[in-house]
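[1] sequence and predicted structure, then a few things I'm wondering about:
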Amino acid sequence: MASKSNTSTKEASQGEESKAVSTTIIEPGHLTRPLGEPRPMPADFSISLGAKGGTDQQLLNPGTERRHSMRGFENTYVDIIDYIVRITHRIWEQKDIGYIYDTYSHTSKVYDDYGLQYGRDKIVADTIHTINAFPDIRLFADEIVWAGDDEVGFHTSHRTVISGQNTGYSKYGPPTRRKVRLWCIANCVALNNEIFAEWVIYDTASLIQQLGFDLREMAREFGNQEDWDSLHDQRFGEPERLPGQGKPVYRAYKGGSFDIEDFIQVTYQNIWNRRMLGTVQQAYVPQMRFQGSTNRVYYGRGEYRRARLQRRPGERSHRAGPIAP
């Protein structure tokens, strides 16, 4: 493993000549600006999983030439896509679980559908638990998108298909010997060879169904174990749509060049808070494909808009009809 020392290594940034880059460690909190200026976004797909031919091709032939400046990262990684693909493969499929100690900060924060998991020892314990339940687990990266750099932190979104057979005990119960396949999306922030923040969502409902358990019964059991006071965490603030005389904010897309962050914020604000479902026509292509929890799949804007109508947050009463599967 490359040392996180004050030595210099040869780096090659995209489209530039190789140059020496310092690997001095700087604490992540001094570099990241999550609420500051927009993070730099890639202008094309030259550094992408698709351009590399997919996960298997990346693992077979990761290359040797640096395409990102990656100060503080191990010399073996050529760019941030390579880093995410290969550390995931090594931890989950090669079973080098202890590699988490090298690639996660000791104060890392992982937010999943069970809440905040703090510290890398908790990540190690959760990984051991999952691999014990699914010893043959495989994680296939469908795509990875990224922004940032080695100054502000690399931000990555890793869309993955997880497969395996349940031959060991899990928090859901004894082994069922059933095979499962589900989607997962993990958003990470990494600096100096360490992930220090992660937001991950699994299709847990589909997993429970595929294992053969009753979804509603399991949700009730786990829900009764939760500390509901955590729902009032002040970090989340007030919603933009409140009862009373106030009106939810309507936002328009910025003019000029396309801004992905603005596009996502405006689209979700207008559909979910403002109930402007016509935004679906503006923001989605006619042949869109949506894949959601419990393996729900919708084709086209019409199906997607109907699904959103049936899932309006906070408005479903006892008189409402059943939610479509």
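    Here it is on my side, so go on.
[2] need phi/psi at the one residue sitting closest to the centre of the chain.
    Nearest to the geometric centre of the chain sits Ala186, at 2.0 Å (C-alpha atoms, centre = their mean). Dihedral pair for Ala186: phi -120, psi 120, per degrees, to the nearest 10.
[3] do the same with Gly50
    Torsion angles at Gly50 (phi, psi; degrees, to the nearest 10) stand at phi -60, psi -40.
[4] and for the one 10 residues further on?
    The phi and psi torsions at Leu60 (degrees, to the nearest 10) take the values phi -70, psi -40.
[5] then Leu215?
    phi -60, psi -50.
[6] is it true that it touches Thr204?
    No: applying C-beta atoms under 8 Å, one finds Leu215 not in contact with Thr204, separated by 9.5 Å. All C-beta atoms are positioned from the backbone trio N, CA, C, and that covers glycine.
[7] so what's the residue nearest to the centre of the chain bridging to?
    His158, Val200 (DSSP bridges).
[8] give me the pLDDT value at it.
    pLDDT recorded at Ala186 is 96.
[9] that one: what's it in contact with?
    157-158, 160, 198-200 (C-beta atoms under 8 Å, 6 or more residues apart in numbering).
[10] closest one of those residues to Val85?
    His158 (8.6 Å; C-beta to C-beta).
[11] that older thread, neighbour count: Leu215 and Thr204, which is higher?
    Ranked by neighbour count (other C-beta atoms under 10 Å), Leu215 and Thr204 place Thr204 first, with 20 against 14.
[12] re earlier: write the PyMOL selection for whichever of the contacts of Ala186 are buried.
    Applied in PyMOL, the following selects the buried portion of the contacts of Ala186 according to 16 or more other C-beta atoms under 10 Å:
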select buried, resi 158+160+198+200
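[13] over to His89: give its phi and psi.
    Per degrees, to the nearest 10, the backbone of His89 is at phi -60, psi -40.
[14] run a quick neighbour tally on it.
    Other residues near His89 come to 18 when the count uses other C-beta under 10 Å.
[15] what sits against it?
    55, 59, 139.
[16] next: Ser108.
    118-120, 123, 194-198.
[17] now the buried members of these.
    Buried, going by 16+ other C-beta under 10 Å: 120, 123, 194-198, out of the contacts of Ser108.
[18] hang on, the earlier thing: sitting in helices, which of the contacts of Ser108 do you find?
    120, 123 (DSSP state H).
[19] skipping adjacent residues, who's closest to Arg120 in space?
    Nearest residue to Arg120, sequence neighbours excluded (C-beta to C-beta, 6 or more residues apart in numbering): Tyr104, at 4.2 Å.
[20] and that neighbour, how far from Tyr114?
    Note on Tyr104: its distance to Tyr114, by C-beta to C-beta, to the nearest Å, is 18 Å.
[21] show me how this structure divides into domains.
    8-230, 247-309 (automatic domain parsing).
[22] any idea which of those is most buried?
    domain 8-230 (a mean of 16; mean count of other C-beta atoms under 10 Å).
[23] chain center to that domain: distance?
    Domain 8-230 sits 7 Å away from the centroid of its parent chain (C-alpha atoms, centre = their mean, to the nearest Å).
[24] same question, stretch 256-268
    19 Å.
[25] quick one on the thing from earlier: which of the domains of the chain has the lowest mean pLDDT?
    Note on the domains of the chain: domain 8-230 shows the lowest mean pLDDT, a mean of 84.
[26] which residue ranges of the stretch 201-325 of the chain form helices?
    204-210, 215-225, 260-268, 279-283, 300-309 (DSSP state H, counting those that start in this stretch).
[27] just send these back as a markdown table, with distance to Lys109 too.
    Shown next, in a markdown table, are these (distance: least, C-beta to C-beta, whole Å):
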| stretch | distance to Lys109 |
| --- | --- |
| helix 204-210 | 20 |
| helix 215-225 | 22 |
| helix 260-268 | 22 |
| helix 279-283 | 31 |
| helix 300-309 | 31 |
